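# return atomic coordinates for the entry below.
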Amino acid sequence: MIPFKYHINQRKYYQRHFPSLLSLVILLLCGSSKLAISSFASITSGPSLGIQEKKEVVVTQYRDVALRIKDLGLKEERAHEFLKIITSVGGRLTGSPQAEKAVELTFSLMKELGLDQVRKEPVEVKRWVRGEREKARLLSSKLGEKDLAICALGNSVATPQGGLKAKVLEVQSFEALEAFKEKARGRIIFYNVALDRTLLDSFAAYGRAAQFRVRGASQAARVGAVASLTRSPNCLT
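Numbers count the residues shown, from 1 in each chain. Okay, the predicted model is just below:
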């Protein structure tokens, strides 16, 4: 059994500004803004054509521009340079001061590249603030008592003030959770799924393991569980 305790006791609204999404894509993919600006400018001019013909021309021109931006981004490889600058502020949970700093850095980078349609727009979002340090302890007749290293995922709902204690149900998939839903009520669901390092597509491998971070809590609640724990995808044991 695990007395599982953490508290998220503050929720605030935070005013955040976002640069143009299109400009952000250009910033990450394109090493030189001159290509993007001149290419988009060329789309707006052309000979007089019928409506359908104009649509076909615009589609073709946009496709050509997108391919040129993609090729330039892959050749110059500046995306990692930009990403390193933007992520230098640390974790960027929505509404956090670090997220605001990342927006300011992105805005400045776009201006420095010479993009002429860069602007920030106010958006109101919920801000999640971590409470007390998370604690969990395994209580087992075979293993005895053992403290676990845990971290509450962003936007997690707080446990009761005194924490909670319940038996654990281990599953390796949402299908397994559904199959054992009668046993899941009142328990802590433990998603014991490691990253499959044999898959060549690392994004697919991470997605399979990380899906329990995204949907694990809601699926556990759906079958009446009181909490959920998700194995770290990079944990080998």
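# from here on, contacts and neighbour counts on C-alpha atoms
OK.
# the helix or strand where Lys70 lies packs against which elements?
Assigning secondary structure by DSSP states H and E places Lys70 in helix 51-76. For helix 51-76, the packing partners by 3 or more Cα pairs under 8 Å, 6 or more residues apart in numbering; DSSP states H and E come out as helix 21-29, helix 33-43.
# ok, now which ones touch the closest residue to Asp196 other than its chain neighbours?
Leaving aside its chain neighbours, Asp196 sits nearest to Ala205 (5.6 Å; criterion: Cα to Cα, 6 or more residues apart in numbering). Contact analysis of Ala205 by Cα atoms under 8 Å, 6 or more residues apart in numbering lists 195-197, 199.
# output the below-cut-off pLDDT ranges for this structure.
Scanning the chain with the threshold set as pLDDT under 70 gives 1-50, 235-237.
# spell out which residues make up each domain of it.
The chain is divided into the following domains under automatic domain parsing: 2-11+131-230, 21-118.
# before we move on, the earlier item: buried ones among the contacts of Ala205?
Using 16 or more other Cα atoms under 10 Å as the burial test, these include 195-196 as buried.
# with distance to Leu229 and secondary structure added, can I get the contacts of Ala205 in CSV?
Converted to CSV, the contacts of Ala205 look like this (distance: Cα to Cα, whole Å; DSSP: H, G, I helix; E, B strand; the rest coil):
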residue, distance to Leu229, secondary structure
Leu195, 16, coil
Asp196, 19, coil
Arg197, 22, coil
Leu199, 24, coil
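# right, I'll call it a day here.
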